[in-house]
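Participant: Predicted model, plus sequence, below.
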Amino acid sequence: MSRVLEFEGIRNFRHFGEYATPDGAKVRSGLYRSGHFHNATEADRQKLVDMNISVVADLRRPHERDHEPSQWGEGLRVLQSNVAGHKEPPHLRFIREGDMSLDGVAAWMRATYRRLPNEPGNQEVFAAGLRELATHGAEEGFVVHCAAGKDRTGIFCALTLALAGVEREAIYTDYLMTNEAVDYDALVPMVQKRLRDSYQRDVPADAMRLFLGVEADYLDEAFDEIGSAEAYASGVLGLSDDEIAAVRAKLIAR
């Protein structure tokens, strides 16, 4: 059965729970990841209700949220950061001014994954999301998202699964699923046109796909920066040993 769930206005929505751990346990269900909710329809909102989703962790910066306000519906607990960060989203500045060759995109993406775990706004929502999961009811749904649901979201999900004891191979499988969940044959030409119209930039399709997708070596950079999941959760995010133990206990299905 596919982990990818179809929505009318939300891209890259999928389940990131139910992975096995080496000791024979399994991560709980009800854990979801996606792109932004700006284009969510009424049918999408009703589907979230039917899925019993109660918490949304939104990793976008304030100006991203202002530019594309979320259409979540009512009754959700929302985790966000008010750290302003960059005046212009780094990815927009890059596609406007950066080296959009294949090598240039790959280098920028690797640098991005070294930067993202160290950004205060991301750290704030990472910590809040993990603390929520430490007390989250097994019957409640949890969804984390950023803009595309692949980079900031991918790091949070990788960190969460690592804390649950999931092996790296499965963590990378979940991360790389973006490349299957998103229709890049439709998305790439749409973004290419937007760049031509907005910035008078012609970006080759292969470089555009590399920019919009994910690669294993991107996540390698994030894990190199983070070190062990427990040390990062404790030393950087400020979770106590008891909180980390509670996260792990709540993530494992009973």
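Facilitator: Structure received. Predicted, not measured: the structure shown is a model, and the values here were computed from it.
Participant: Quick one: residues contacting the nearest residue to residue 95 once chain neighbours are set aside.
Facilitator: Residue nearest to residue 95 in three dimensions, not counting chain neighbours: residue 195, with 6.1 Å by C-beta to C-beta, 6 or more residues apart in numbering. Bear in mind the C-beta positions are built from the backbone N, C-alpha and C, glycine included. Shown in contact with residue 195 (C-beta atoms under 8 Å, 6 or more residues apart in numbering): 95, 201, 202, 203.
Participant: between these, which is closest to residue 172?
Facilitator: residue 95 (26.0 Å; C-beta to C-beta).
Participant: mind checking how far that closest one is from residue 208?
Facilitator: 9 Å (C-beta to C-beta, to the nearest Å).
Participant: I'd like the contacts of residue 195 as a markdown table, with secondary structure appended.
Facilitator: Converted to a markdown table, the contacts of residue 195 look like this (DSSP: H, G, I helix; E, B strand; the rest coil):
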| residue | secondary structure |
| --- | --- |
| 95 | helix |
| 201 | coil |
| 202 | coil |
| 203 | coil |
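Participant: Next, format those as CSV and append neighbour count.
Facilitator: Shown next, in CSV, are those (neighbours: other C-beta atoms under 10 Å):
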residue, neighbour count
95, 21
201, 15
202, 9
203, 19
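Participant: just the strands in the stretch 51-200 of the chain please.
Facilitator: For the stretch 51-200 of the chain, the strands defined by DSSP state E, counting those that start in this stretch occupy 53-58, 77-79, 141-145.
Participant: what's the second one in contact with?
Facilitator: Think strand 77-79. So strand 77-79 is in contact with 54, 55, 56, 57, 58, 72, 125, 128, 129, 132, going by C-beta under 8 Å, 6+ apart.
Participant: Just give me the neighbour total for the third one.
Facilitator: For residue 56, the neighbour count with other C-beta atoms under 10 Å is 23.
Participant: Please apply the same query to residue 121.
Facilitator: 20.
Participant: repeat for residue 191
Facilitator: 17.
Participant: what helix or strand is the nearest residue to it once chain neighbours are set aside on?
Facilitator: With C-beta to C-beta, 6+ apart as the criterion, residue 191 has its nearest non-adjacent residue at 6.1 Å, and that residue is residue 208. Assigned by DSSP states H and E, residue 208 belongs to helix 205-212.
Participant: list the helices and strands that helix packs on?
Facilitator: Judged by 3 or more C-beta pairs under 8 Å, 6 or more residues apart in numbering; DSSP states H and E, helix 205-212 is in contact with helix 102-115, helix 184-199.
Participant: Would you mind getting the angle between it and helix 184-199?
Facilitator: Helix 205-212 and helix 184-199 are oriented at 90 degrees to each other (axes from the mean of the first three to the mean of the last three C-alpha atoms, to 10 degrees).
Participant: Next, the angle helix 205-212 makes with the next helix or strand after helix 205-212.
Facilitator: Sequence order places helix 216-226 as the next helix or strand after helix 205-212, per DSSP H and E. Helix 216-226 runs at 30 degrees relative to helix 205-212, counting by the same axes, to 10 degrees.
Participant: For residue 77, which residues count as its bridge partners?
Facilitator: residue 55 (DSSP bridges).
Participant: tell me the pLDDT at it?
Facilitator: Predicted confidence (pLDDT) at residue 77: the value is 93.
Participant: measure it to residue 58 for me?
Facilitator: For residue 77 relative to residue 58 (C-beta to C-beta), the value is 11 Å.
Participant: Any stretches of the stretch 101-250 of the chain with poor pLDDT?
Facilitator: Counting by pLDDT under 70, the stretch 101-250 of the chain contains no low-confidence segment.
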